[in-house]
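> sequence unknown, structure follows:
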């Protein structure tokens, strides 16, 4: 069997390595347009910020090491320009000589990856304007920093790569402005959770402009002038374009392949395309959202690696299926870890899923042990059956491992009741006896089974009329800041002061993070009051709604 793989890095290299481990006799040829077949894509911003200082650390395999270990014929600087399914050949252009030739295959695996979006605007091609896709891109930015000593950078786009580039340019000593067209940073986060990130990065010295885009970049005697859709202009010495990626599939047009979202290649669960004996993996393929079942384009390294393994299995005759992508991802923003898995509110609404949300602010480990740090957590669950739909974690410590537990819960179809029952490791340096995941389950379980009714920061009613707004924190906490219209009765005084409350009115309760409000709700509802607890309490309100 002769297998030709188009493209290396995560998808292509994983396919080749797995296939060789399964089949020692297959002839495997990897065709890579660039100079590098396997490199640490996600490490590139950290090389620019000198977190990773040895450039050799970026290269995971060379053509020589890959051939020695896996007996794969690797041809770099070899660009596939066409696929001829009827002849079972591909046209290959040798970028060293400019000559083209045809290579035959028995099986073909396409792993061309994704390419950065280059907005059609004035100045996008200037030498001071960069995108980050591969090692040469990274070297260009690094060289520019060392040779020109820029002072001001504009990063266009506040997604994962944009945030990593902004942090590392700031680490390199530049004054950095992020320009993001959406109303919040990091698209997979919901707006309310993204406010935690916004406050943190601005406190660290980044300038962030939301709800505006870049429409031009002009070179002047003083550097660059970046024109915004808001009519404002920014001065810069370099610009990073990080507005997203698209499948790099233009060379496949006319091949007979079926394409889906954004030009991504359609594949089935075995990673087979619409053409016989042709597979596709990685950032160029359309996937199924694991939670909603909808078609999706989710370019992430983890799924690309798994898809490569699955394609290799099927090539070797081992039945293997890719069951969908749930978008688990993690990002460092200075001192914060931002981790997400599953769907957010936007996706739940689009899919028509009946969901509820809950917020909590647990600690990473026992508070009596030094080093405990507070987490901000948002959980989405199906309000009809309790199934976990998505989770967002932000914090200085422990966010990633809790999100991994939630990712596992989603993959296994667990409910919020199951989260309560998870037995997770505990010792004071690492956790509390009730892990934050358990606490998320307990909070959601109380909501799901009607033990407490909740309202949210964007659902606070106006004071007066048939409602009472009640803050059950201590007097000192209340005086340091409160939600307008809320009166104060501390929870520990509540039983003795029930007479101050009108049982004919609905009572909307807040505390600091929701725990004391839950206690107050249980007291009041058992005395005949109709009450609602503010999920996330004043802590969340002060982040997203306080003016």
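Structure received. On a predicted model such as this, the values are computed, not experimentally measured, just so you know. Numbering: from 1, shown residues only.
> in stretch 181-201, what's buried?
For stretch 181-201, the neighbour count (16 or more other C-beta atoms under 10 Å) marks 182, 184-198, 200-201 as buried. All C-beta spots, glycine's among them, are computed from the backbone N, C-alpha and C.
> Name the residues that touch it?
The contact list for stretch 181-201 (C-beta atoms under 8 Å, 6 or more residues apart in numbering) reads 157-160, 163, 166-167, 178, 208, 210-213, 243, 327, 329, 331, 333-336, 338, 340, 344-346, 359, 376, 378, 392, 394, 457-458, 540, 543-544.
> ditto for stretch 134-145
For stretch 134-145, the external contacting residues (C-beta under 8 Å, 6+ apart) are 34-36, 39, 41, 44, 47-48, 55, 58-59, 128, 130-132, 150, 172, 238, 240.
> roughly how far apart are the residue most central in space within the chain and residue 419?
The centroid of the chain falls nearest to residue 329 when counting by C-alpha atoms, centre = their mean (4.3 Å). From residue 329 over to residue 419 the distance is 20 Å, taken as C-beta to C-beta, to the nearest Å.
> for residue 446, same thing?
Distance, residue 446 to residue 419, using C-beta to C-beta: 12 Å.
> which of the two has more neighbours?
residue 419 (26 against 20; other C-beta atoms under 10 Å).
> Could you pull up the contacting residues of residue 545?
Counting by C-beta under 8 Å, 6+ apart, residue 545 makes contact with 457, 458, 460.
> Using neighbour counts, trim these to the buried set.
Buried among those by 16+ other C-beta under 10 Å: 457, 460.
> which one among the contacts of residue 545 gets closest to residue 114?
Relative to residue 114, the closest of these is residue 458; by C-beta to C-beta it sits at 34.6 Å.
> Now do the SS call for the closest one.
For residue 458, the assignment made with DSSP: H, G, I helix; E, B strand; the rest coil gives helix.
> Look up how far residue 182 lies from the residue nearest to it when sequence neighbours are not counted.
Leaving aside its chain neighbours, residue 458 sits nearest to residue 545 (7.5 Å; criterion: C-beta to C-beta, 6 or more residues apart in numbering). Per C-beta to C-beta, residue 545 is found 19 Å from residue 182.
> does residue 288 sit in a helix or strand, and which one?
Taking DSSP states H and E as the definition, residue 288 sits inside strand 287-288.
> Give me the contacts around that strand.
Here strand 287-288 has contacts from 294, 295, 296, 297, 298, 303, 322, 323, 324, 325, using C-beta under 8 Å, 6+ apart.
> Farthest-apart pair in those, please.
Going by C-beta to C-beta, the pair spanning the contacts of strand 287-288 furthest: 297 and 323, at 17.0 Å.
> want to try JSON lines for the contacts of residue 545, with pLDDT and distance to residue 404 as columns?
Output for the contacts of residue 545, formatted as JSON lines (pLDDT from 0 to 100; distance: C-beta to C-beta, whole Å):
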{"residue": "457", "pLDDT": "96", "distance to residue 404": "27"}
{"residue": "458", "pLDDT": "94", "distance to residue 404": "29"}
{"residue": "460", "pLDDT": "96", "distance to residue 404": "34"}
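> From the structure, what's the count of residues near residue 374?
Look at residue 374: counted by other C-beta under 10 Å, it has 18 neighbours.
> ok, it - contacts?
Contact analysis of residue 374 by C-beta under 8 Å, 6+ apart lists 361, 362, 363, 364, 395.
> and if you look at residue 168?
Contacts here follow C-beta under 8 Å, 6+ apart; on that basis residue 168 touches 45, 46, 48, 49, 51.
> Swap in 6 Å and give it another go.
Listed by C-beta atoms under 6 Å, 6 or more residues apart in numbering, the contact partners of residue 168 are 45, 48, 49.
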